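Visitor: One predicted model, sequence on top.
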Amino acid sequence: MCVQRWCIRRGFTLVELLVVMGIISSLSAVVISINPLRQLSGTRDAARARTANELRSALRQYAIDKGTLPNESSIPSSRAGAVSICAYGLSDSGCLSFDVLVPQYIATFPSRDPLETNPNHLGYTVYREGNGVQVIARYVGKDQLPAFGYDKAVTFASGENYAIGSVIDTLRGYAYVSLNTMPAKIVKVRLSDLTPVATMTLDAGEGYGRNGVIDVAGGYAYFVIVVNNFTPSKVIKIRLSDFTRVGTFTLANGEYYINSITIDRDGVYGYLPIGNSLTPLTELVKIRLTDMEREATLPLDYPTYGSAVRAVLDPAQEYLYLATSSAPAKILKIRVDNLIVVSTLTFDIGESSPADIAMDPGGSFLYVALYTTPGTIVKVRLADFTRVGALTFFAGEDYAPVFDVGPDGTHGYATVGTNPGAIVKIHIPTFIRVGSFGAKQGENLLYARDVLFDDERNQGYVASYTAPGKLIRFHLGL
């Protein structure tokens, strides 16, 4: 029925219904397309497809040049029998090695798929098809990223107490955890199944363990050993390939306490912040990592700066930023070529007891974790070396012994030094807290020195100061 210009209609035409359905379908597609998990899964699947094509092309070119495929007699002739490809430098009876493709046919061998649980396998399979060869990515479409939170922990053997410092070697698939025992011990943990596989016990009198650093490309790890407040501390050099101690640096008499170690990107020099309140001597010692000998020393005034605590290098390796324990805390900007202090930043009143220092991957900001009640993270802009903000934990979340920025620079992760401990997740671009989770009963994070990251598996690790010690694994989430 129509009255003048207005009409009352009893329904929609078929064309109108089809138009509305089309709009709804388009909106649904938009929603799906911006789902972060689906986007990440799609990105990883695209990378898997590229990797499979690169391996396939390299194998085919090898066959053209050599007249045969590598390990051709062992490559099945059907997709149903396709066999796994070994990760580079590794092998077992269930996979085939194609290391011979590097570097002539493929510049760098692909990394193991983050969903592959066998540490020796790549996550790709191979089979012959007619006169050619096919490579299949096993995990296409299978990504499922757990939310940020606790995963599991491994408990060390009896007597392997008080896990404190840790480093990670994602290339070879291991973490190394130092123990605050006498003598100190270092536990090697396989990441694929979170299993301890070896323990190194240092010599009698060489204790207690502190933090460590790793030169993955060079194949070495370095751990600080602090005996007591009046015995010179040491740095132990460990070769990763055979888990063997190959070098030692010892401070001179009167230099008693190494608080941490930082190394440059090329694994040439190490930097050791020295000092504590019982031995009022503060300095920064630079050592050569090749022969574990002293290169230079920067003396600092203890009444002005307190102890030198932790340091971080900028991406250009031109400046080192050193946190000191004065009240309030100070950050020193130091040229690494001549160990000259070029600038000093003093924090606000009440911002004292720095425990850790980190930098975003782009080298734009510093983040300093404070051992305060509750814990605090202070943000420093490097362009003008200015304090630009602070994030304070919730009431009861006391002490922030560790803060590290994740590998993509999007989030940072801080430990809460309570018992049980907790992990706080911070969105780096906005400097806003976005999540937290608690450790299990008795898992103490008060003395943790590092948060480790396995980017491929989207997981993090932190040491628990318990008896026996533990290594806790958690999901990074989106």
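Guide: Perfect, thanks for sending it.
Visitor: residue ranges with poor pLDDT in the protein?
Guide: Within the chain, the segments meeting pLDDT under 70 span 1-41, 142-145.
Visitor: Show me what the lengthiest helix in it is packed up against.
Guide: If you go by DSSP state H, the chain has its longest helix at helix 36-66. With contacts defined as 3 or more CB pairs under 8 Å, 6 or more residues apart in numbering; DSSP states H and E, helix 36-66 has these neighbours: strand 121-129, strand 132-137. Where C-beta positions appear, they are placed from N, C-alpha and C, glycine not excepted.
Visitor: Compare those strands and give me the one nearest residue 302.
Guide: Of all the helices and strands packed on helix 36-66, it is strand 121-129 that lies closest to residue 302, at 53.1 Å by CB to CB.
Visitor: Direction included, what does that closest one pair against?
Guide: If you go by DSSP bridges, strand 121-129 pairs up with strand 83-86 (antiparallel), strand 132-137 (antiparallel).
Visitor: Tell me how many other residues surround residue 152.
Guide: 11 (other CB atoms under 10 Å).
Visitor: Tell me how this protein divides into domains.
Guide: For the chain, automatic domain parsing gives the domain ranges 36-137, 149-475.
Visitor: before we move on, the earlier item: can I get the helices and strands packed on helix 36-66 in TSV with mean neighbour count and distance to residue 422?
Guide: Converted to TSV, the helices and strands packed on helix 36-66 look like this (neighbours: other CB atoms under 10 Å; distance: least, CB to CB, whole Å):
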stretch	mean neighbour count	distance to residue 422
strand 121-129	21	33
strand 132-137	18	37
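Visitor: Stretch 341-350: how far from the chain's middle?
Guide: 28 Å (CA atoms, centre = their mean, to the nearest Å).
Visitor: Same check on stretch 101-113?
Guide: Centroid separation for stretch 101-113 versus its chain: 23 Å, with CA atoms, centre = their mean.
Visitor: Quick check: end-to-end length of it?
Guide: With CA to CA, to the nearest Å as the measure, the first residue of stretch 101-113 is 19 Å from its last.
Visitor: Next: stretch 199-213.
Guide: Stretch 199-213 stretches 18 Å from its first residue to its last (CA to CA).
Visitor: ok, residues contacting that stretch?
Guide: Residues from elsewhere that reach stretch 199-213 (CB atoms under 8 Å, 6 or more residues apart in numbering): 157, 160, 164-167, 176, 178-188, 221-227, 234, 236, 238, 243, 245, 258-263, 270, 449-450.
Visitor: and what of stretch 57-65?
Guide: Stretch 57-65 is contacted by residues 69, 70, 98, 100, 101, 105, 106, 126, 132, 133, 135 when judged by CB under 8 Å, 6+ apart.
Visitor: Mind putting the strands paired with strand 121-129 into CSV with distance to residue 342?
Guide: Shown next, in CSV, are the strands paired with strand 121-129 (distance: least, CB to CB, whole Å):
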stretch, distance to residue 342
strand 83-86, 49
strand 132-137, 50
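Visitor: Which one of those lies nearest to residue 114?
Guide: Across the strands paired with strand 121-129, closest to residue 114 is strand 132-137 (CB to CB), at 12.0 Å.
Visitor: Near the closest residue in space to residue 74 that isn't next to it in sequence, how many other residues are there?
Guide: In this structure, residue 74 finds its nearest non-sequential neighbour in residue 96, 5.7 Å apart by CB to CB, 6 or more residues apart in numbering. Using other CB under 10 Å, residue 96 has 19 neighbouring residues.
Visitor: OK, contacts around residue 96?
Guide: For residue 96, the contact set (CB under 8 Å, 6+ apart) comprises 70, 71, 74, 75, 83, 84, 85, 86, 126.
Visitor: are any of those buried, and which?
Guide: Neighbour counting over the contacts of residue 96 (16 or more other CB atoms under 10 Å) leaves 70, 75, 83, 84, 85, 86, 126 as the buried ones.
Visitor: hmm, back to that, now render the contacts of residue 96 as CSV, adding distance to residue 469.
Guide: Formatted as CSV, these follow (distance: CB to CB, whole Å):
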residue, distance to residue 469
70, 43
71, 42
74, 43
75, 45
83, 39
84, 34
85, 36
86, 33
126, 41
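Visitor: between these, which is closest to residue 417?
Guide: Nearest to residue 417 among the contacts of residue 96, counting by CB to CB, is residue 86 at 42.1 Å.
Visitor: and the closest one, what does it touch?
Guide: Residue 86 is in contact with 92, 95, 96, 97, 98, 99, 120, 121, 122, counting by CB under 8 Å, 6+ apart.
Visitor: is it in a bridge, and if so with what?
Guide: Beta bridges link residue 86 to residue 121, judged by DSSP bridges.
Visitor: same thing with residue 198?
Guide: With DSSP bridges as the criterion, residue 198 is bridged to residue 188.
Visitor: correct me, but it touches residue 185?
Guide: No. The criterion here is CB atoms under 8 Å, and residue 198 misses it with residue 185 at 10.5 Å.
Visitor: more crowded one of these two?
Guide: Under the neighbour definition other CB under 10 Å, residue 198 and residue 185 were set side by side, and residue 185 has more, 25 against 12.
Visitor: unless I'm mixing things up, the more buried one is touching residue 165, no?
Guide: No. If you go by CB under 8 Å, residue 185 and residue 165 don't touch, sitting 11.4 Å apart.
Visitor: Name the residues contacting each of the two.
Guide: Common contacts of residue 185 and residue 165 (CB under 8 Å, 6+ apart): 178, 209.
Visitor: Dump the contacts of residue 86 into a markdown table; add distance to residue 410 as well.
Guide: As requested, these are arranged in a markdown table below (distance: CB to CB, whole Å):
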| residue | distance to residue 410 |
| --- | --- |
| 92 | 36 |
| 95 | 34 |
| 96 | 37 |
| 97 | 36 |
| 98 | 34 |
| 99 | 34 |
| 120 | 31 |
| 121 | 29 |
| 122 | 27 |
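Visitor: Grab the nearest non-local neighbour of residue 426.
Guide: Leaving out its chain neighbours, the residue that sits closest to residue 426 by CB to CB, 6+ apart is residue 412, at 4.5 Å.
Visitor: coming back round to it: make JSON lines out of the helices and strands packed on helix 36-66 and add distance to residue 406.
Guide: JSON lines is the format used below for these (distance: least, CB to CB, whole Å):
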{"stretch": "strand 121-129", "distance to residue 406": "22"}
{"stretch": "strand 132-137", "distance to residue 406": "25"}
